[in-house]
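In: model this:
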Amino acid sequence: MSTQLPFKGDHVGSVLRTDNIKEARQKVASGDLTLEQLKEIENLEIEKIVKQQIDVGLKAITDGEFRRAWWQFDYYFGLTGFKKIKKDTGFIFDGDETKAETVEVDGKIKWEGHEFIDHFKFLKEMVDKHGDGSQLAKMTIPAPFVSIYREISKTEKELYPTAELFFKDLGQSYKDALHAFYEAGCRYIQFDDTILAALTDEEFVKEIEDKCYGLPIDDIFDLLVKTTQDILKDKPEDLLVGTHLCKGNFRSTFIHGAGDYDYVARRFDELGYDAYFLEYDTDRAGGFEPLKHIKDKNTEVVLGLITSKTAPLEDKTVIKKRIDEASKYLRLEQLALSPQCGFASTEEGNKITEEDQWNKLKHVVEIAKEVW
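Out: I've put the predicted structure just below:
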């Protein structure tokens, strides 16, 4: 471990797409706007939200994932060895259905450059332009194991007859990615992980076992830990790498993730992340007792006590009480505060307004200042 995050009010990263972004995407789809024109609009809108994040007092600044349709697939689309495919149906979240897209492996997995590097460079340029030096440009990408949530094709089985061989190559691509982002000036990166958060959800575990070459869940967890260790072991000391354990977020609904964090928290120290963003906005995640398993005093836990799904602001007294409860299991100095998830895991976004969103983020910063 290198260091802790230099701020106590954080956020997961995605921001509601603005009307200008939505309209531009529609025009691209209808052929009325070029991709280059879309990029210019994205640049303008990202610059606006960078300034808004700074204005509400955030220190970790993202591009809101404005250039993406998906929080995860857009990253995989840019890796060698993955391709975008259409599905018959999308993922179903409590009655809401996503776009019918996913990824398929059609070659050996490699990092051979990625458009996300240019996305980060622009973000950092805007943070440097509008910040006062106390902000960090934060990059968000899916965690490696998120990629197992797909069907394994015949081609993939020939290329990768075992899960170990697949994750060896995928892990190497992530190691290469970390160093590429670092060379581009990135010092804070977050792996978003819906698999790690779901290892105590019995129904979802059955799906994971089926999609991961039929391995039992304990073997999957062992492979997850080993792959993550391999990715992080050679990272630069001043590169902060956190992970967000997401329990599902689409249009203010969720799809899985029931169960507390005890099973996974027992191995947080082994995984080796600098920070763990945990969702605690509902009782689906259980209590704070699993935090007792963290023995590394440099590890930080970012408590997702503020919901990004609904508009009303949480009672500050209640949030402070919950932070105090968490501090019984982990030192207050190792805790921080954030919304439980982003505001737009996909471009459709949650069912709240932009004003609601910025009020939520300001609320996080205010509470963090009062507590820490």
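
In: tell me the helix or strand right after the lengthiest strand in the chain.
Out: Identified as the longest strand of the chain according to DSSP state E is strand 101-110. Following strand 101-110 in sequence order, the next helix or strand is helix 115-130 (DSSP states H and E).

In: send the alpha carbons of that next one over as PDB?
Out: Below are the C-alpha coordinates for helix 115-130, written out as PDB (Å, rounded to 0.1, in the frame of the first residue of the first chain):
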ATOM      1  CA  GLU A 115      -9.200   5.700 -26.600                       C
ATOM      2  CA  PHE A 116      -9.600   6.000 -22.800                       C
ATOM      3  CA  ILE A 117      -6.100   7.300 -22.600                       C
ATOM      4  CA  ASP A 118      -7.000  10.300 -24.700                       C
ATOM      5  CA  HIS A 119     -10.200  10.700 -22.700                       C
ATOM      6  CA  PHE A 120      -8.100  10.800 -19.500                       C
ATOM      7  CA  LYS A 121      -5.600  13.300 -21.000                       C
ATOM      8  CA  PHE A 122      -8.500  15.700 -21.800                       C
ATOM      9  CA  LEU A 123     -10.000  15.300 -18.300                       C
ATOM     10  CA  LYS A 124      -6.600  16.100 -16.700                       C
ATOM     11  CA  GLU A 125      -6.200  19.100 -19.000                       C
ATOM     12  CA  MET A 126      -9.500  20.500 -17.800                       C
ATOM     13  CA  VAL A 127      -8.800  19.700 -14.100                       C
ATOM     14  CA  ASP A 128      -5.400  21.500 -14.400                       C
ATOM     15  CA  LYS A 129      -7.100  24.400 -16.200                       C
ATOM     16  CA  HIS A 130      -9.900  25.000 -13.700                       C
END
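
In: show me what it is packed against.
Out: Under the contact criterion of 3 or more Cβ pairs under 8 Å, 6 or more residues apart in numbering; DSSP states H and E, helix 115-130 touches helix 35-55, strand 136-137, strand 139-142, helix 163-183. (Glycine included, C-beta is placed from N, CA and C.)

In: quick one: low-confidence parts of the stretch 201-350 of the chain?
Out: In the predicted model of the stretch 201-350 of the chain, residues 248-258 satisfy pLDDT under 70.

In: phi, psi of residue 329?
Out: phi -110, psi -20 (degrees, to the nearest 10).

In: that one touches residue 301, doesn't it?
Out: No: taking Cβ atoms under 8 Å as the definition, residue 329 is not a contact partner of residue 301, at 9.3 Å.

In: got any ranges where the stretch 51-200 of the chain has weak pLDDT?
Out: Checking the stretch 51-200 of the chain against pLDDT under 70 turns up 86-100.

In: list the buried residues in the longest strand of the chain.
Out: Across strand 101-110, burial judged by 16 or more other Cβ atoms under 10 Å covers 102-105, 109.

In: let me see the ranges of the strands in this protein.
Out: Along the chain, counting by DSSP E, strands occupy 60-61, 80-86, 92-93, 96-97, 101-110, 136-137, 139-142, 188-193, 240-245, 275-279, 300-306, 335-339.

In: report the angle between the axes of the last one and strand 300-306?
Out: For strand 335-339 against strand 300-306, the angle between stretch directions is 40 degrees (axes from the mean of the first three to the mean of the last three Cα atoms, to 10 degrees).

In: report the distance from strand 335-339 to the chain centre.
Out: Centroid separation between strand 335-339 and its chain, computed with Cα atoms, centre = their mean, to the nearest Å, is 14 Å.

In: repeat that for the second one.
Out: A distance of 20 Å separates the centroid of the chain from that of strand 80-86, by Cα atoms, centre = their mean.

In: and it, what does it pack against?
Out: Strand 80-86 is packed against helix 73-77, strand 101-110, with contacts defined by 3+ Cβ pairs under 8 Å, 6+ apart.

In: and the ones you listed: which comes nearest residue 237?
Out: Residue 237 lies closest to helix 73-77 among the helices and strands packed on strand 80-86, at 24.7 Å (Cβ to Cβ).

In: including distance to residue 282, could the helices and strands packed on strand 80-86 go into JSON lines?
Out: Output for the helices and strands packed on strand 80-86, formatted as JSON lines (distance: least, Cβ to Cβ, whole Å):
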{"stretch": "helix 73-77", "distance to residue 282": "26"}
{"stretch": "strand 101-110", "distance to residue 282": "27"}
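
In: for residue 151, find the nearest of these.
Out: The minimum distance between residue 151 and the helices and strands packed on strand 80-86 falls on strand 101-110, with 7.4 Å, by Cβ to Cβ.

In: so the closest one versus helix 163-183, what angle?
Out: Using the same axes, to 10 degrees: strand 101-110 against helix 163-183 is 90 degrees.

In: output strand 101-110 as CSV, restricted to C-alpha atoms.
Out: The C-alpha atoms that make up strand 101-110 are tabulated as CSV, following Å, rounded to 0.1, in the frame of the first residue of the first chain:
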residue,chain,number,x,y,z
GLU,A,101,-25.5,-5.3,-26.3
THR,A,102,-22.6,-7.3,-24.8
VAL,A,103,-19.1,-8.4,-25.6
GLU,A,104,-17.6,-11.6,-27.1
VAL,A,105,-14.0,-12.8,-27.1
ASP,A,106,-12.8,-13.3,-30.7
GLY,A,107,-9.0,-13.2,-30.2
LYS,A,108,-6.2,-13.1,-27.6
ILE,A,109,-6.8,-10.4,-25.1
LYS,A,110,-4.2,-7.6,-25.2
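
In: list the strands paired with it, with their directions.
Out: If you go by DSSP bridges, strand 101-110 pairs up with strand 80-86 (antiparallel).

In: list the buried residues for the strand it pairs with?
Out: Applying a neighbour-count criterion of 16+ other Cβ under 10 Å, one finds 80-82 buried in strand 80-86.

In: how about the helices and strands packed on strand 80-86, which one is nearest residue 170?
Out: Nearest to residue 170 among the helices and strands packed on strand 80-86 is strand 101-110 (5.0 Å), distances taken as Cβ to Cβ.
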